[in-house]
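Colleague: I would like to see how this sequence folds:
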Amino acid sequence: MAVRKSATRQRERDPTDETATSPKRAKVSEATAAVNSTSTHVQNQKVVFHKLTNPDTNPAGEVFIVGAGDCGQLGLGADVSSAMKLKKLTYFEDKKIVSVAAGGLHNVVLSEDGKLFSWGCNDQMALGRPGEETEPAPVSGLDDIKIVQIACGDSISAALSEDGNVYAWGTFRNKNGIFGFRPDIAVQATPLRIPELSKVKSIHAGADHLVAFTIDRRIYTWGCGESGQLGRFIMARKEKERSLIPTQLEFKPHKRQIATPSLLSRFPKKSDTGITYQSQFVGVSCTGNGTYLIHESGVVFALGLNNYGQLGVGDTDEHLVPVPLSPAVDYANKESGGAVDNVEITSISGSFHHTIALDKSGRVFTFGRNDDGQLGTGDNAESLSFPNMLPEPKNAIQVSANGAFTLAVTQDTKFEGNNLWLWGYGEMGQLANGGEDESTPTQVELKGRHVYLGQCGGQHTLLLLKPKE
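Modeller: Predicted coordinates:
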């Protein structure tokens, strides 16, 4: 396989390659009607906002990195363009880092006292600061603001403050290049508060879109929506979308309707039980060009790019309206051919073309493209349009995917601490194994350390580790 030095941009800037289809309205399966009709409608209740804390709740750890560094994403200086084995970023030894986020070619990390640091490619200002790109440095303009959560896309970064405000910087891109940050801003050089949003509980990033989830369970999407990941009809549509941001947005100007946060309101119509879905979600997740909505009943709704089956809904059609993963299609074990029962998905991550999901029992499911072994099925012969449970790893507590590789963190049942698993395309060193591909999940030797958090970048892996006691 040829070395893909610029694969993150070259390959992923055209996410609809080979088999993309035209967006179409999703048909809601009969399974949707099975959603519990006793759900509480939160928007009818008074919601009190309390200051947020870091949802990852990690103790302070050491920052390690591995993989490609041709755009400075390793943070090891201008002379280091690759790392085949894990490298420690000594810059953070006294910074008490508690969370890390990896974008396509850049990284942002969060300290215990709510400060941000960034490094990597800054062509579209995803670092949120001027200055040296190949080494970490503080993000500008957030001195008096305590950040509790971070998210990174390809050229966009976002942060959530303890007061529930969202800050973002960089820009959104589409297949033609820079798309824009706001209707009147092409590229944002430093963190800017998003004025339409408040009382946000969590912030999530796809490659070029952002999703905010509020404490009253409202879901806002904005960014590039060319694959339907925003969950609303855009471009050449006469319909107006309603939003609960300060003013009603009329989706006429092309960039205004995309780059401004808007309430995700195009849910399936009421089911036979007479319920709606607007207020009953408990979480959201993003993949490269996809958005996932986790319903309190256990049903997961998906929308966005699906040309390799990466939405996991059993087909390869794009979906502009959320369509349920389960029980619309059975979760399955490809190895045994049998269905997997009692699946309750808690988090999802993914690249443009493949996806990994984690359930409450610590089981791992993968679906989508597999030509680099990124699904972990032991081959690279086929894509999967349904969630497939992997026999290993078990007892997973966190998952991540990007580029053409995949990561899982598992809880060690014999010793205190967590283990790291990586698989998929590894030629640039991102699997921490010296540059080999792996078609099945492979545990990484951490040499006396365990992992709190792992994040896949385009062709690099960012980790938060701590020595075992």
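
Colleague: and the residue most central in space within the chain, how close does it get to Ile147?
Modeller: In the chain, the C-alpha nearest the mean C-alpha coordinate belongs to Cys286, at 4.0 Å (Cα atoms, centre = their mean). Relative to Ile147, Cys286 is positioned 19 Å away (Cβ to Cβ, to the nearest Å). For glycine as for every other residue, the C-beta is placed from the backbone atoms N, C-alpha and C.

Colleague: please, which helix or strand holds Gln310?
Modeller: Secondary-structure assignment from DSSP states H and E places Gln310 in no helical or strand segment.

Colleague: ok, Ala434 - contacts?
Modeller: That one is not Ala; residue 434 is Gly. Going by Cβ atoms under 8 Å, 6 or more residues apart in numbering, Gly434 touches 84-85.

Colleague: now do the same contact list for Arg369.
Modeller: Shown here is Arg369, whose contacts under the criterion Cβ under 8 Å, 6+ apart are 308, 310, 353-354, 375, 383, 404.

Colleague: ok, 7 Å please
Modeller: Shown in contact with Arg369 (Cβ atoms under 7 Å, 6 or more residues apart in numbering): 308, 310, 353-354, 383.

Colleague: do a quick rundown of the strands in the stretch 101-250 of the chain.
Modeller: Taking DSSP state E, counting those that start in this stretch, the strands of the stretch 101-250 of the chain run over residues 106-111, 116-120, 137-138, 147-152, 156-161, 166-170, 172-174, 177-180, 188-193, 200-205, 209-214, 219-223.

Colleague: out of the ones you listed, flag the one nearest His450.
Modeller: Distances from His450 to each of those were compared using Cβ to Cβ; the shortest belongs to strand 106-111, at 18.2 Å.

Colleague: what residues does the closest one touch?
Modeller: Counting contacts by Cβ under 7 Å, 6+ apart, the residues touching strand 106-111 from outside are 63, 73, 75, 95-101, 116-121, 126-127, 147, 150, 152, 157, 457, 462.

Colleague: what's the neighbour count on Asp372?
Modeller: Here the number of neighbours of Asp372 (other Cβ atoms under 10 Å) works out to 22.

Colleague: how close does it sit to Glu392?
Modeller: With the distance defined as Cβ to Cβ, Asp372 ends up 18 Å from Glu392.

Colleague: gap between Asn342 and Lys360?
Modeller: Distance of Asn342 to Lys360, computed by Cβ to Cβ: 9 Å.

Colleague: take the strands of the stretch 101-250 of the chain and write them to a markdown table, including mean neighbour count, mean pLDDT and distance to Ser81.
Modeller: As requested, those are exported to a markdown table (neighbours: other Cβ atoms under 10 Å; pLDDT from 0 to 100; distance: least, Cβ to Cβ, whole Å):
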| stretch | mean neighbour count | mean pLDDT | distance to Ser81 |
| --- | --- | --- | --- |
| strand 106-111 | 27 | 98 | 15 |
| strand 116-120 | 26 | 99 | 13 |
| strand 137-138 | 16 | 98 | 19 |
| strand 147-152 | 24 | 98 | 21 |
| strand 156-161 | 26 | 98 | 23 |
| strand 166-170 | 26 | 97 | 23 |
| strand 172-174 | 23 | 89 | 23 |
| strand 177-180 | 16 | 86 | 25 |
| strand 188-193 | 18 | 97 | 26 |
| strand 200-205 | 22 | 96 | 25 |
| strand 209-214 | 26 | 92 | 30 |
| strand 219-223 | 25 | 88 | 30 |
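
Colleague: poorly predicted segments of this protein, please.
Modeller: Low-confidence segments of the chain (pLDDT under 70): 1-57, 233-279, 326-338, 415-416.

Colleague: at 80 instead, please
Modeller: By pLDDT under 80, the weakly predicted segments of the chain are 1-58, 231-280, 297-298, 318-342, 381, 413-417, 469.

Colleague: quick one, helices of it?
Modeller: Using DSSP state H, the helices assigned to the chain run over residues 7-12, 254-259.

Colleague: let me know how buried Ala302 is, in neighbour terms.
Modeller: Using other Cβ under 10 Å, the number of residues around Ala302 comes to 25.

Colleague: so for it, what's the nearest residue that isn't a sequence neighbour?
Modeller: Residue nearest to Ala302 in three dimensions, not counting chain neighbours: Leu311, with 4.1 Å by Cβ to Cβ, 6 or more residues apart in numbering.

Colleague: residues in contact with the one you found?
Modeller: The neighbourhood of Leu311, defined by Cβ under 7 Å, 6+ apart, consists of 290, 302, 304, 319.

Colleague: of those residues, which belong to strands?
Modeller: Helix and strand membership here follows DSSP state E; of these, those in strands are 290, 302, 304, 319.

Colleague: just list whatever residues bridge to Leu293.
Modeller: As for beta bridges, Leu293 partners with Val284, Phe301 under DSSP bridges.

Colleague: what is Gly180 paired to in the beta sheet?
Modeller: Taking DSSP bridges, one obtains Phe172 as the residues bridged to Gly180.

Colleague: I'd say it and Asn174 touch.
Modeller: No - counting by Cβ atoms under 7 Å, Gly180 sits too far from Asn174 to count as a contact (9.3 Å).

Colleague: what sits up against stretch 137-148?
Modeller: Contacts of stretch 137-148 with the rest of the structure, by Cβ under 7 Å, 6+ apart, involve 52-54, 110, 114-119, 128-129, 131, 159-162, 167, 190-191.

Colleague: switch the cut-off to 8 Å
Modeller: With contacts defined as Cβ under 8 Å, 6+ apart, stretch 137-148 is touched by 52-55, 108, 110, 113-119, 127-131, 159-162, 165, 167, 190-191.

Colleague: coming back round to it: return the member of the ones in strands among the contacts of Leu311 nearest to Leu230.
Modeller: Of all these, Leu230 sits closest to Gly304, with 8.5 Å by Cβ to Cβ.

Colleague: give me the number of residues near the closest one?
Modeller: The number of residues packed around Gly304, counting by other Cβ under 10 Å, is 30.

Colleague: and if you look at Asp184?
Modeller: By the criterion of other Cβ under 10 Å, Asp184 has 9 neighbours.

Colleague: do Glu318 as well
Modeller: Glu318 has 24 nearby residues by other Cβ under 10 Å.

Colleague: okay, the contacts of Leu311 in JSON lines with distance to Thr366 next?
Modeller: Listed next are the contacts of Leu311 as JSON lines, based on distance: Cβ to Cβ, whole Å:
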{"residue": "Gly290", "distance to Thr366": "14"}
{"residue": "Ala302", "distance to Thr366": "14"}
{"residue": "Gly304", "distance to Thr366": "17"}
{"residue": "His319", "distance to Thr366": "19"}
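
Colleague: pick the one among those closest to Cys224.
Modeller: Of all the contacts of Leu311, Cys224 sits closest to Gly304, with 11.0 Å by Cβ to Cβ.

Colleague: where does the closest residue to Asn122 other than its chain neighbours fall, phi/psi-wise?
Modeller: Closest residue in space to Asn122, ignoring its immediate chain neighbours: Glu133 at 4.7 Å, by Cβ to Cβ, 6+ apart. In this entry, Glu133 is assigned phi and psi values of phi -90, psi -30 (degrees, to the nearest 10).

Colleague: give me the distance between Val139 and Ala205.
Modeller: The spacing between Val139 and Ala205, counted by Cβ to Cβ, is 15 Å.

Colleague: report the beta-bridge partner residues of Thr214.
Modeller: Val200.

Colleague: quick one, what contacts Val200?
Modeller: Applying Cβ under 8 Å, 6+ apart, the residues contacting Val200 are 160, 164-166, 212-215.
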